[in-house]
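*Asks:* Have a look; sequence and predicted model below, questions after that.
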Amino acid sequence: MAEELNRTGLYDLHVAEGAKMVPFAGWEMPVQFPTGVLTEHLHTRAHAGLFDVSHMGQVKILPKDGDLASAALALETLIPADVLGLPEGRQRYGLFTNAEGGILDDLMFANRGDHYILVVNAARADHDIPHLQTLAGVEVQPITDRGLIALQGPKAVEVLERQLPGVSAMAFMDVASFDWQGAELWVSRSGYTGEDGFEISIPEASLTAFVETLMDYPEVLPIGLAARDSLRLEAGMPLYGHDLTEETTPVEAGLAWSIGKARRSGGARAGGFPGADKVLGQVQDGAASRRVGLTPEGRAPIREGVTIFDAEIGGVEIGEVCSGGFGPSVGGPVAMAYLPAALSTGSLVWAEVRGKRMPVRVTALPFITPSYKR
């Protein structure tokens, strides 16, 4: 029996725009539009790309006692980040960890004054919401009456400013509310492309009209999942289920920066999250493997699942590609893999593709220079 897929509030608009729709994390989503993946990718880097990310899970966390600090401390029992120290009107990146220090999901969380808003991955929402509901003293409210879009690229700010005056004053990772024709829009200056841009939570009743308004601007093109993937790969951003799993720790994933000083050994609220002993031990002593960039020396891309060896002939298997493909802005293939931490940037390793080994360089992440608003 075929899986019954969810549809976002923008489904009809995607179809009208000629999108190729595919199953993704239980949703029917646009993988590309008639302009093609290469054009979509490069347009986002040069102008503004509009992404439907309504499949992501949006969740409101409210303290039952009315004290936001109690909700922060509850969240810190699941998340290694400094939730308590996040000021109102700001957003942070965080992780859910398990008892072994593995990553259950990555997420964004924002302080909205009297509550937190979390955005979790679509494929993990059915896990994350019950996980949050184990917390004492908080009310967990899944948000089901709003869509979510992202407007990304160097022209995103001037386009959005025309509709939401004041967004240009926001700093990177600021969050704020704006009125649009009587609808309250929740805006964060953040995204998943390496470009400046915004993520906008919109009431379903206003979703299509707002998106159509943005798409009327010549700077804006709709962007599908395929270009979203190549954009985030160039930006060195991990994708849950591929680069992040329950077997990878924050330190191995290169995400130790998301563990606030207060949560580290010697900090005001050290540990207290699942797997803290292992994770904080790795923060101090390092991990045996780490997520790195890979640049093949030829033109052929290396994709997820390709085995990496330490020698051209014989040798030892040292890792496996977790994400890979062609980087349109880089002008060649790029990939990420977990390899021994002792390997330095510039080291030569070999990827085995169809029985033949090809030389690959260990490369620092990201592959492009991010252009976030500072």
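*Replies:* That came in fine, so what should we check first? Numbers count the residues shown, from 1 in each chain.
*Asks:* For the spatially most central residue of the chain, which non-adjacent residue is spatially closest?
*Replies:* Centroid-nearest residue in the chain: Tyr192, 5.3 Å away (criterion: C-alpha atoms, centre = their mean). Closest residue in space to Tyr192, ignoring its immediate chain neighbours: Arg232 at 5.1 Å, by C-beta to C-beta, 6 or more residues apart in numbering. Any C-beta I mention is one placed from the backbone N, CA and C, and that applies to glycine too.
*Asks:* C-terminal to the helix or strand encompassing the one you found, what's the next element?
*Replies:* Arg232 belongs to helix 225-234 when elements are defined using DSSP states H and E. Going down the chain from helix 225-234, the next helix or strand is helix 276-285, by DSSP H and E.
*Asks:* The next helix-or-strand element following that next one vs helix 225-234, what angle?
*Replies:* Next helix or strand after helix 276-285 toward the C-terminus (DSSP H and E): strand 289-296. Put simply, strand 289-296 runs at 110 degrees to helix 225-234, going by axes from the mean of the first three to the mean of the last three C-alpha atoms, to 10 degrees.
*Asks:* what's the angle from strand 289-296 to helix 276-285?
*Replies:* 60 degrees.
*Asks:* What strands line up against strand 289-296, and which way round?
*Replies:* Using DSSP bridges, strand 289-296 pairs in its sheet with strand 332-340 (antiparallel), strand 356-363 (antiparallel).
*Asks:* which residues are in contact with the helix holding Arg232?
*Replies:* Helix 225-234 is contacted from outside by 22, 24, 29-32, 37, 40-41, 44-45, 49, 51, 152, 192-195, 239, 323-330, 334-336, 366-368, using C-beta atoms under 8 Å, 6 or more residues apart in numbering.
*Asks:* picking up where we left off before, how close does the residue nearest to the centre of the chain get to Glu3?
*Replies:* 25 Å (C-beta to C-beta, to the nearest Å).
*Asks:* if I pick the residue lying closest to Glu204 once chain neighbours are set aside, what's in contact with it?
*Replies:* The shortest distance from Glu204 to any non-neighbouring residue, by C-beta to C-beta, 6+ apart, is to Gly9 (5.0 Å). Applying C-beta under 8 Å, 6+ apart, we find Gly9 in contact with 54, 147, 204, 207-208.
*Asks:* What of Val83?
*Replies:* 72-73, 75-76, 92, 94, 109, 116.
*Asks:* distance of it from Gly102?
*Replies:* When Val83 is compared with Gly102 (using C-beta to C-beta), they lie 20 Å apart.
*Asks:* sorry, back to before: tell me which of the strands paired with strand 289-296 is the most buried.
*Replies:* The highest average neighbour count among the strands paired with strand 289-296, using mean count of other C-beta atoms under 10 Å, belongs to strand 332-340 at a mean of 23.
*Asks:* Off-centre distance for that strand?
*Replies:* 18 Å (C-alpha atoms, centre = their mean, to the nearest Å).
*Asks:* Kindly export it (C-alpha atoms) in PDB.
*Replies:* The C-alpha coordinates for strand 332-340 follow below in PDB (Å, rounded to 0.1, in the frame of the first residue of the first chain):
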ATOM      1  CA  GLY A 332      33.200  20.900  -9.100                       C
ATOM      2  CA  PRO A 333      32.300  17.900  -6.900                       C
ATOM      3  CA  VAL A 334      32.200  18.200  -3.200                       C
ATOM      4  CA  ALA A 335      31.400  15.800  -0.400                       C
ATOM      5  CA  MET A 336      31.600  15.200   3.400                       C
ATOM      6  CA  ALA A 337      32.700  12.200   5.300                       C
ATOM      7  CA  TYR A 338      33.700  11.000   8.800                       C
ATOM      8  CA  LEU A 339      37.400  10.300   8.800                       C
ATOM      9  CA  PRO A 340      40.100   9.800  11.400                       C
END
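*Asks:* per-residue confidence averaged over that strand?
*Replies:* Strand 332-340 carries an average pLDDT of 98.
*Asks:* helix or strand right after that strand?
*Replies:* Taking DSSP H and E, what comes next after strand 332-340 is strand 348-353.
*Asks:* His55 contacts Ala25, doesn't it?
*Replies:* Yes - His55 is in contact with Ala25 according to C-beta atoms under 8 Å; the separation is 6.1 Å.
*Asks:* In the stretch 51-200 of the chain, what residue spans correspond to strands?
*Replies:* Assigned strands in the stretch 51-200 of the chain, in chain order: 57-63, 91-97, 103-111, 116-120, 138-142, 146-152, 175-180, 183-188, 197-203 (criterion: DSSP state E, counting those that start in this stretch).
*Asks:* Can you show me the CA trace of the third one as CSV?
*Replies:* The C-alpha trace of strand 103-111 is given here as CSV (Å, rounded to 0.1, in the frame of the first residue of the first chain):
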residue,chain,number,x,y,z
ILE,A,103,22.4,13.0,17.9
LEU,A,104,18.7,12.4,17.9
ASP,A,105,18.0,15.5,15.8
ASP,A,106,19.2,19.1,15.2
LEU,A,107,16.9,22.0,15.7
MET,A,108,16.6,25.8,16.1
PHE,A,109,15.1,27.3,19.2
ALA,A,110,14.0,30.9,19.7
ASN,A,111,13.2,33.0,22.8
